[in-house]
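Engineer: sequence plus predicted model, see below.
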Amino acid sequence: MQSIDRAGTTPTSAASVDFLVAFTESVTGVDGSDFAIATTGLTGAAITGVTGSGVGYTVTVSTGAGVGTL
């Protein structure tokens, strides 16, 4: 893996957040089980989708409930 960056602006109160994932070489078979979510103060956050191919993927995460960090 080369990088993981949040897409867009600061997602205050957003229902979901996208993360751009870049790999150093082309990969296949990437899905939600390949990633883990770390939260503080939130409940119910979950990976809801993974799209992309090759070296670039977008991982969508629902933010759940509460006030905290994802």
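Structural biologist: That came through, no problem. This structure is a prediction, so every number in the text was calculated from the model and none was measured.
Engineer: which strand of this structure spans the most residues?
Structural biologist: Longest strand of the chain, by residue count under DSSP state E: strand 46-62.
Engineer: counting by contacts, list what it packs against.
Structural biologist: For strand 46-62, the elements it packs on are strand 16-27, judged by 3 or more CB pairs under 8 Å, 6 or more residues apart in numbering; DSSP states H and E. No exception for glycine: its C-beta is placed from N, CA and C like everyone else's.
Engineer: buried ones in the strand it packs on, by neighbour count?
Structural biologist: Buried residues in strand 16-27, defined by neighbour count with 16 or more other CB atoms under 10 Å: 17-19, 21, 27.
Engineer: what's the angle from that strand to strand 46-62?
Structural biologist: Here strand 16-27 runs at an angle of 110 degrees relative to strand 46-62 (axes from the mean of the first three to the mean of the last three CA atoms, to 10 degrees).
Engineer: now for strand 16-27, which elements pack on it?
Structural biologist: Counting by 3+ CB pairs under 8 Å, 6+ apart, strand 16-27 packs on strand 3-6, strand 46-62.
Engineer: buried sites along the longest one?
Structural biologist: Going by neighbour count (16+ other CB under 10 Å), the buried part of strand 46-62 is 47, 50, 57, 59-62.
Engineer: and of the residues you listed, the nearest to residue 1?
Structural biologist: Ranked by distance to residue 1 (CB to CB), the buried residues of strand 46-62 are led by residue 57 at 10.1 Å.
Engineer: and that closest one, how close does it get to residue 47?
Structural biologist: Relative to residue 47, residue 57 is positioned 12 Å away (CB to CB, to the nearest Å).
Engineer: just say helix, strand or coil for residue 29.
Structural biologist: Assigned by DSSP: H, G, I helix; E, B strand; the rest coil, the conformation of residue 29 is coil.
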